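> Fold the stuff below for me.
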Amino acid sequence: MSNEFGFSIKSLRFDENYTPAENTRLTTNFANLARGESRQHNLRSTLNMINNRFNALANWDNPKGDRYSVELDIISVELNIDAARSDNALPIIEILQTTIVDHQTNQRIDGVTGNNFSSYVRDYDFSVRLLEHNKGKESFSVPEQFGELHGNLFQAFVGSPTYKECFKKPPVICISVSTTKTYQQTENVHPILGVEYRQDDDSLTDAYFSKMGLKVRYFMPPGSVAPLAFYHTGDLLNDYSNLELISTISTMDTFQKIYRPEVYNANSVAGKSYQASLKQQDHSLTRIVYDREERSQLAIAQGKFVEESFIKPYQSLLEQWSANWSANR
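Residues are numbered from 1 along each chain as shown. Below you'll find the model as predicted:
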């Protein structure tokens, strides 16, 4: 990567005592759960759900369903425009690192890096740039080079010495499927990831993540009611162990039940042809407080913040770096 830029990583444990750091993006789902009167109940309940889900999937040599627990660390990635300085760092990305604790062998096992994905520049792209581009237009369209800067920054980070010093394998991002696309069940069944679904028309999110160097597969794990989207490089089914895959399923299936109960806590299981809907009434709510409306409002506010503090002041430098990076990779 260009010598002008540098990456640094900060780690913060996500547990029942978690308090968002001062510079944490407020749209981050973790920060949303950790505010208000219900904060400790939210956090404790979320972690219990993750551990229960992990043990239900890792059920071999686990007769009491309590062999494993999952530890979560929020990884905040900061970009230094000038690698020689540290006073102009912008927290551009937040992901999750999972660690599996085997209480039978007293081992700590690296889980998947990635899982949740949160980004200031993505807030800007979707909540500011895309909205302004389509304001007053009759038909929806995407701006030129939409997502290219963000995708190049992400790929530069994953390819950087900073990433490779901290993490052994490429990231896997696990998020909800699109509500605008229809997914078809296939005959392919993986023992951990479950039933594979496919769809032939990439969503806007699929296209955005492809610029991050990530391809996607959709699986509905055993015990889940809807498929999840797994964004990855390499071979998802063979590059990661069963326990690693379970770490991301248990973590993100739990978060999706909280964030999108209409889809992931529905009272019926996805069929052979499936389209997710946030208008689905037949679903159950977790007892965990999550303010989805607040998150949407904050995404716009923080997208405008990054526009004013990062995109506009460094626009020419960012455009030049991004063009050079694309040309030379």
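> switch to C-alpha atoms for all contacts and neighbour counts from now on
Noted.
> pLDDT score for Asp282?
On pLDDT, Asp282 comes in at 85.
> Can you report how many residues lie near it?
Using other CA atoms under 10 Å, Asp282 has 12 other residues around it.
> Over to Asn188?
Neighbours around Asn188, by other CA under 10 Å: 10.
> Give me the secondary structure label for the closest residue to it other than its chain neighbours.
Spatial nearest neighbour of Asn188, excluding adjacent residues (CA to CA, 6 or more residues apart in numbering): Glu196 at 5.6 Å. Look at Glu196: counting by DSSP: H, G, I helix; E, B strand; the rest coil, its state is strand.
> Low-confidence ranges, the chain, go.
1-4, 19-39, 82-88, 287-297 (pLDDT under 70).
> ok, back up a step: please report the distance of the residue nearest to Asn188 from Ala301.
Between Glu196 and Ala301 the distance, using CA to CA, to the nearest Å, works out to 37 Å.
> quick revisit: and the residue nearest to Asn188, bridged to which residues?
Per DSSP bridges, the residues bridged to Glu196 are Phe219.
> isn't it right next to Val216, touching?
No - applying CA atoms under 8 Å, one finds Glu196 not in contact with Val216, separated by 11.4 Å.
> I'd like the distance from Ser210 to Ile192, if you could.
Ser210 is 25 Å from Ile192, by CA to CA.
> what does Arg329 give?
34 Å.
> These two: which has the busier surroundings?
Taking neighbours as other CA under 10 Å, Arg329 and Ile192 compare with Ile192 leading, 19 against 9.
> Might you report the residue contacts of the more buried one?
Going by CA atoms under 8 Å, 6 or more residues apart in numbering, Ile192 touches 57, 221-222, 242, 245-246.
> Could you dump the residues you listed into TSV with distance to Asn152 and secondary structure added?
Output for the contacts of Ile192, formatted as TSV (distance: CA to CA, whole Å; DSSP: H, G, I helix; E, B strand; the rest coil):
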residue	distance to Asn152	secondary structure
Leu57	35	helix
Pro221	31	coil
Pro222	35	coil
Asn242	30	helix
Leu245	26	helix
Ile246	29	helix
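> any idea how far Leu243 is from the residue nearest to Asn188?
Where Leu243 is concerned, Glu196 sits at a distance of 19 Å (CA to CA).
> My reading is that Ala156 is in a helix; is that accurate?
Yes - membership of Ala156 in a helix is supported by three-state DSSP.
> Next, count neighbours for it.
21.
> how much space between it and Tyr120?
In terms of CA to CA, Ala156 sits 16 Å off from Tyr120.
> which stretches of the stretch 51-200 of the chain form strands?
Using DSSP state E, counting those that start in this stretch, the strands of the stretch 51-200 of the chain run over residues 68-80, 89-102, 107-119, 172-176, 183-190, 194-198.
> Quick check, Arg67 in contact with Arg53.
No - shown here, Arg67 and Arg53 do not form a contact pair, counting by CA under 8 Å, at 11.9 Å.
> export stretch 208-218 as CSV, just CAs?
The C-alpha trace of stretch 208-218 is given here as CSV (Å, rounded to 0.1, in the frame of the first residue of the first chain):
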residue,chain,number,x,y,z
TYR,A,208,-20.7,-3.5,-2.8
PHE,A,209,-19.0,-6.4,-1.1
SER,A,210,-17.6,-7.7,-4.3
LYS,A,211,-15.6,-4.4,-4.6
MET,A,212,-14.1,-5.4,-1.2
GLY,A,213,-12.8,-8.6,-2.8
LEU,A,214,-15.5,-10.8,-1.2
LYS,A,215,-17.7,-13.3,-2.9
VAL,A,216,-20.9,-14.6,-1.3
ARG,A,217,-22.7,-17.9,-0.6
TYR,A,218,-26.0,-18.3,1.2
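> and that stretch, how far from the chain's centre?
Its chain's C-alpha centre and that of stretch 208-218 lie 12 Å apart, by CA atoms, centre = their mean, to the nearest Å.
> give the contact list for Ile93.
76-78, 117-120.
> Let's have the residues you listed in TSV, adding neighbour count.
Below are the contacts of Ile93 laid out as TSV (neighbours: other CA atoms under 10 Å):
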residue	neighbour count
Ser76	22
Val77	23
Glu78	20
Phe117	16
Ser118	19
Ser119	23
Tyr120	24
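> biggest separation within those, which pair?
Glu78 and Phe117 (14.2 Å; CA to CA).
> Now do the contacts for the residue lying closest to Arg13 once chain neighbours are set aside.
In space, and not counting its chain neighbours, Arg13 is closest to Asp73: 4.4 Å by CA to CA, 6+ apart. Counting by CA under 8 Å, 6+ apart, Asp73 touches 11-14, 96-98.
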